[in-house]
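> got a sequence here, can you model it:
(chains A, B and C)
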Amino acid sequence: MNLFSPYIDVLKIAPQLTLVVFILFFVIGELVFRRKIVFGWFSVAGYIIALIFLLIGHLYQNRVLFSYQIVEDKFSFFFTIFFLLAGIVISFFSFDSAEIKRDLGGEYFALIMAAILGMIYMAGAVNFLMLYLSLEMVSLSSYLLSGYTRDDKYSAEAALKYLVFGATASGIMIMGIAYLYGLTGTLNFSVIRDQLVSGIFPSFTLLTILFLIFAGFFFKMSLVPFHMWAPDVYEGAPTPVAAFLAVASKGAGFAIALRFLYTVMIQGSPLSGKLLSDIYHFIPVNNLDWPLFLGIISVLTMTVGNITALNQTSVKRLLAYSSIAHAGYMLMGFAAMNYIGFYAVLFYLVVYFLMNIGAFLFVQVVYNKIGTDSIVKYRGLGRRTPFAAVMMAIFLFSLAGIPPLGGFIGKFYLFAAVLKSKLYWLAVIGIANSVLSLYYYARIAKMMFLEDSHEKEKVPVSAAHIFLFVILGFPVVILGVYWSPVLEFVKIYSHLFLP
Amino acid sequence: MLATMLIYIFGALAIFSGLMMILYRNPIHSALWFGLVLFSLAGIYALMQAHFLALIQILVYVGAITVLIVYVIALLNFDQRDLVGKVTILKGIAVIVAAILFIELLFYVGGLYVKGIAPPPEFGKAANIGLATLTRYLFPFEVISILLLVAVVGGVYIAKKD
Amino acid sequence: MPYNGILIMAVILFIIGITGVMVRRNIFIMLMSIELILNAANLVFIAFARAFADPAGQVIALLSITLAAAEVGVGLGIFVAIRRTHNTVNVDEINLLKH
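Below you'll find the model as predicted:
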């Protein structure tokens, strides 16, 4: 191995370097610029420059960088685009947020950008050291972001709860990584995989270690035993941050879980770049029934999320529980363990990105005017802000999975994957949960359109937010009838690479 | 032989201080016990041929982190009333979960068979670690520098008064 | 070298840390318990680094110490914000967000 290859590889990560340059610029620029909104435009420019570098440098070939620390393949390309677009959308989202307007400055955009940088590394990590560091980078920025409105009681409390849960979960994970290092003598995914395939380890030990490592993954994905933080944090955090955590942070959790399970744990050799075989098997660990295990976690997650969401009075908290339930739906794609399941998760993430940020955006619009997200205050909003309310209805029905919308197509592929693997019980519970979720989504729509309130004053929607409603809402509608380009895209980009 | 004995002594000290740390009511006392845990771990590191890390443990953990915690406890001058938590069912469940985890880990991980090889004498010296950090592990090293910058900026921001 | 003894020490420290986080309600002691968990992991890394004569274990321990410092910095910053808004160190009293 060339000792100095790390120095040469620096030139190959121009998109990430762009983000680093902008982070430094924000920190210094805070002293120079008086008008804080300028940082928002700079951050949008930063993400766009990073996207351009990414598209230029992307030669459709897999490569390993920095002596097996991160990898660049189609999968990481997909997620890099996902996170950069999330960054652009969240920047526009934050422009006209009443909660953080006063504090909107270089620090805010630097923290968001640092979290996105960490997420990009998470999607590409092929080494446990890199995985842990990037996960912590995302976590630390997220703790600070959720406490960003520092004089708000709820925000500070959200940051504290997130810190305690997050630091404990990542501590449990690093303990598991330490033991895995002791078991295999390496932190490198491909070497660990070679040793796991040979199957020389005591199986109970391996199972214990895997559960310790899963604690960190499950925390990021907000799956059931580690989901308690999500509602409190989403409710207390400023709304743009809540949307950011619900979409980008969760997407990063799914990225590492997919990469770990489908490169390190998978049996056979799907590593030549194609995952085309029909059904996969994970490496047997103490005869653990992987589909059953993942299916049970999925069922618990979606059921807990949906049932608790039923009688929420705060819309932000309701959306938090709904996002837990959606993590459960996406886990069905893992449990199916076939190729459809793999790209169905990616497809669902794309749709979830659009509709979930859209729903949070409406919460923000309403909050800007009436200063609360209580569900009873949503009465009659259909008259007070017709455009935004119609868009919200589209997002809600898409989240529930009503047919001519994007959410339905996403769920359709997840259920197709589950049925292909003959996990009928999982499909039945999933459909029952979808029906259950319709109740609370429809309740908000009913409040907005069918009930009246004595308030007649218009709720204004700013230009940035109208722009966002358009670019988030129309794809949701179009994906419901014409989804094949996106489907082909995620099929192409659902190829993992492990050297 | 002496090294083995010292490791056990330091280990016992670390465990005892750890217990004291979570049993004491006053956080200042806990922080002092915490410093003792870190100090005894530094002793174990030195005996495990991780000389540089032992030094870093003392400098960063004992010297900076513990002092910072003590300083913030004293600075904030919190209302220390009613810190003895009530015994609840939730805490009972927590202790049971911890006990199960403990037994499981002890059985399946604590008894791992480790066949150690004697490392070369320069192993664990600053030069060796520095070489590894600046060549093979250069990238994580750079990433953590960004992380520290973010932590500093965010920490200052969030603690600042308007 | 008594590797098994060290592994058992690490498990005990880890469990003390987990118990501390779950049972204690003082945020400072919870933060210190989390640090104890990280230290247990570092101990395992260093023990195995010596057993394999592999500097990787020591490098990750070094980076982990750095990370712990960053985490404490962030945590204490958040505590200062909590002091401004809630004026308590007891997490049971910091419960404005519904359960």
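> what residues of the particular helix or strand that has A:Ala359 in it count as buried?
Assigned by DSSP states H and E, A:Ala359 falls within helix A:339-370. Buried positions in helix A:339-370, judged by neighbour count with 16 or more other Cβ atoms under 10 Å in any protein chain shown: A:339-369. No exception for glycine: its C-beta is placed from N, CA and C like everyone else's.
> correct me, but A:Ser374 touches A:Lys316?
No - the criterion here is Cβ atoms under 8 Å, and A:Ser374 misses it with A:Lys316 at 9.8 Å.
> compare neighbour counts for those two and give me the winner.
A:Lys316 (23 against 13; other Cβ atoms under 10 Å in any protein chain shown).
> average pLDDT for the helix or strand where the more buried one lies?
Secondary structure assignment for A:Lys316, by DSSP H and E: helix A:315-336. What helix A:315-336 shows for mean pLDDT is 92.
> what do you get for stretch A:53-66?
78.
> and B:Leu55, how many neighbours?
Here the number of neighbours of B:Leu55 (other Cβ under 10 Å) works out to 14.
> okay, A:Asn2: pLDDT?
On the pLDDT scale, A:Asn2 is placed at 56.
> please apply the same query to the one 10 residues further on.
The predicted local confidence for A:Lys12 comes out at a pLDDT of 74.
> equivalent analysis for B:Ala31, please.
pLDDT, read off for B:Ala31, is 92.
> for it, which three-state class applies?
Assigned by DSSP: H, G, I helix; E, B strand; the rest coil, the conformation of B:Ala31 is helix.
> for it, give its distance to chain C.
7 Å (Cβ to the nearest Cβ, to the nearest Å).
> now B:Pro140
Relative to chain C, and taking Cβ to the nearest Cβ, B:Pro140 is found at 6 Å.
> ok, that residue touching A:Tyr132?
No - here B:Pro140 lies out of contact with A:Tyr132, judged by Cβ under 8 Å, at a distance of 9.1 Å.
> which parts of stretch C:41-57 are buried?
Buried positions in stretch C:41-57, judged by neighbour count with 16+ other Cβ under 10 Å: C:41-52, C:54-57.
> so which of the residues you listed reach chain B?
The overlap between these and the neighbours of chain B (Cβ under 8 Å from any Cβ of the partner chain) comes to C:42-43, C:46-52, C:55-56.
> could you dump the residues you listed to a markdown table with distance to chain A?
Output for those, formatted as a markdown table (distance: Cβ to the nearest Cβ, whole Å):
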| residue | distance to chain A |
| --- | --- |
| C:Asn42 | 8 |
| C:Leu43 | 8 |
| C:Ile46 | 9 |
| C:Ala47 | 8 |
| C:Phe48 | 4 |
| C:Ala49 | 9 |
| C:Arg50 | 11 |
| C:Ala51 | 8 |
| C:Phe52 | 5 |
| C:Pro55 | 12 |
| C:Ala56 | 6 |
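> what is the nearest of those residues to C:Asn95?
C:Asn42 (33.2 Å; Cβ to Cβ).
> ok, the closest one - contacts?
A:178, B:41, C:61, C:64-65 (Cβ atoms under 8 Å, 6 or more residues apart in numbering or on different chains).
> and the next element down the chain from the helix or strand where it lies?
Assigned by DSSP H and E, C:Asn42 falls within helix C:27-52. Helices and strands here follow DSSP H and E; after helix C:27-52, the next one along the chain is helix C:55-85.
> what is that next one packed up against?
Helices and strands touching helix C:55-85, by 3 or more Cβ pairs under 8 Å, 6 or more residues apart in numbering or on different chains; DSSP states H and E, are helix A:128-146, helix A:153-184, helix B:51-56, helix B:67-76, helix B:126-134, helix B:138-159, helix C:27-52.
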